[in-house]
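*Asks:* My questions are about this predicted structure, shown below with the sequence.
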Amino acid sequence: MPATPSAPVLLADEPGSFPHSVLAERHPAIIRQVREAFPYGPAQHRALDALLANCTKGVIEPLPTDAPDQDRWTAWGLPEYTGRSWFDVPWLWSESWFYRQLLDAVGYFTPGPWQGIDPFRPFKLAELDGPETDEELAALDDLANKPADERGRALLHGSLWGNRADLGFRLSDASAADAEVAPALVADDSEAFWSLLPPAGAGTLHLIADNAGRELIPDLLLIAHLLDEGHVRRAVLHLKPYPYYVSDATTADFVDALRKLTGASGAAAGYGRTLWSATADGTLTVRAHPFAAAPLPFSEMPDDLRAELATAELTVVKGDLNYRRLVGDRRWPPTTPFQDVTAYFPGPAAALRTLKSDVITGLDADTETALVAAEGQRWRTGGTHALLQVRV
Ligand SMILES: O=P(O)(O)OC[C@@]1(O)O[C@H](CO)[C@@H](O)[C@@H]1O
């Protein structure tokens, strides 16, 4: 048990707060964009209208008794939250519920012509095919002749900062992509990261992925490097079982990213070949566990996932949402020890995250003071700061 006393769970009930803006502004904007991106029929438009009204003014409603995921959502807290405003239940919970309901509205789960059609795919593809992605891949050629440890550090940073590529975040803050970043990390355990993964390692890396496209590609490059240089013998990539938080990576997005690499020229294609053959021989495997899209913190992970992560040399936990799930989506004092709040995790873990929501732990007091003096509380949510924290 962590020695640290717990902190209040984040709700979205305070107007003016970041969680409130996500429910009141980001979710309606997502509905609008999805609606405009597809030639949906009248039934889908009606369902989207109903969702818009429900998610902004209504209450959590029960699922139809024949919903295939009824049991799962029952176990995840639906009976407890039914009848309550979306703004009055844990924010982590209502956000996951939103994506589940949005997919339902467009027919994603219903047998028929729209089953399995990712409503976020046009946005993901536009990013994957954009000039920035090609520039990032071309830059790998400059890295190719550097010593392996220098390449490793550059690729680790690429994976970390790749977390800025979050289409949901950009929806609510269009200027986010251009905002200047603060290169110094607010917490930097990268030495511990490398000491957990020395060369000639025999273990398995797990990576809990976050966004597709410009985040997943650098994640894949890091995995390829760790395999090629012998830091780990195997890797397991955890993806989402269905589209989630706009740009979260699914198996289809993994395929697109890998094809992008193998279809590129120069060094990028080499990484692509490493990964393609690693999937073929089982060195790299993918998972899409239902818990990856659960509305719960990782402390409540099911036994099968816990047992699997317990075998990892290191689990890399990518992104802001996964960080919220890792430490618990709570109002921790920022200096709360990261080791304490992650003590429950089944093995060593490394959080690689740009800061895009209020939750933060593991800061030293001077760092917090300096951030507040410079920016008020904006540093928590602006996506311009990043951290790499390791739980040993
Ligand atoms: O997990 P990611 O892609 O880094 O960020 C997810 C995010 O954009 O969505 C949530 C709010 O909707 C926050 O956790 C964060 O702002």
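*Replies:* Cool, got the structure. Numbers count the residues shown, from 1 in each chain.
*Asks:* Could you use CA atoms for every contact and neighbour count after this?
*Replies:* OK.
*Asks:* Show me which parts of stretch 103-116 are buried, residue by residue.
*Replies:* 103, 104, 105, 106, 107, 108, 109, 116 (16 or more other CA atoms under 10 Å).
*Asks:* can you list those residues in TSV and add distance to the ligand and secondary structure?
*Replies:* Formatted as TSV, the buried residues of stretch 103-116 follow (distance: CA to the nearest ligand atom, whole Å; DSSP: H, G, I helix; E, B strand; the rest coil):
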residue	distance to the ligand	secondary structure
103	16	helix
104	19	helix
105	19	helix
106	20	coil
107	22	coil
108	21	coil
109	22	coil
116	21	coil
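*Asks:* Please work out which residues outside whichever helix or strand residue 30 is part of touch it.
*Replies:* Element membership for residue 30 (DSSP states H and E) is helix 27-37. Contacts with helix 27-37, where a contact means CA atoms under 8 Å, 6 or more residues apart in numbering, come from 45, 48, 52, 55-56, 98, 102, 119-120, 122, 168, 171-172, 246.
*Asks:* Can you pick out the most distant pair from the buried residues of stretch 103-116?
*Replies:* 105 and 116 (12.3 Å; CA to CA).
*Asks:* Next, the contact list for residue 346, please.
*Replies:* 306, 307, 309, 310 are the contacts of residue 346 under CA under 8 Å, 6+ apart.
*Asks:* Let's see the pLDDT reported for the first one.
*Replies:* Predicted confidence (pLDDT) at residue 306: the value is 98.
*Asks:* Next: the third one.
*Replies:* With respect to pLDDT, residue 309 scores 98.
*Asks:* pretty sure it contacts residue 349?
*Replies:* No - under the criterion of CA atoms under 8 Å, residue 309 is not in contact with residue 349, lying 9.5 Å apart.
*Asks:* wait, which of the contacts of helix 27-37 is closest to residue 235?
*Replies:* residue 246 (25.3 Å).
*Asks:* Can you report phi and psi for the closest one?
*Replies:* Reported as degrees, to the nearest 10, the phi and psi values for residue 246 are phi 60, psi -70.
*Asks:* returning to what we had before: show the buried residues in the contacts of residue 346.
*Replies:* Judged by 16+ other CA under 10 Å, buried ones among the contacts of residue 346: 306, 309.
*Asks:* Adding distance to residue 296 and secondary structure, write the contacts of residue 346 out as JSON lines.
*Replies:* What follows is those, written out as JSON lines (distance: CA to CA, whole Å; DSSP: H, G, I helix; E, B strand; the rest coil):
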{"residue": "306", "distance to residue 296": "14", "secondary structure": "helix"}
{"residue": "307", "distance to residue 296": "18", "secondary structure": "helix"}
{"residue": "309", "distance to residue 296": "17", "secondary structure": "helix"}
{"residue": "310", "distance to residue 296": "19", "secondary structure": "helix"}
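*Asks:* Where does residue 206 sit, in terms of helix or strand?
*Replies:* strand 204-208.
*Asks:* Also residue 361?
*Replies:* Residue 361 belongs to no helix or strand when assigned by DSSP H and E.
*Asks:* count of residues packed around it?
*Replies:* 21 (other CA atoms under 10 Å).
*Asks:* Report the contact partners of residue 208.
*Replies:* Taking CA under 8 Å, 6+ apart, we find residue 208 in contact with 237, 238, 239, 315, 316, 317, 318, 322.
*Asks:* Which neighbours do residue 309 and residue 349 have in common?
*Replies:* residue 315.
*Asks:* what does the average pLDDT come to for the strand holding residue 206?
*Replies:* On average, strand 204-208 scores 98.
*Asks:* C-terminal to it, what's the next element?
*Replies:* Strand 204-208 is succeeded, C-terminally, by helix 216-228 (DSSP H and E).
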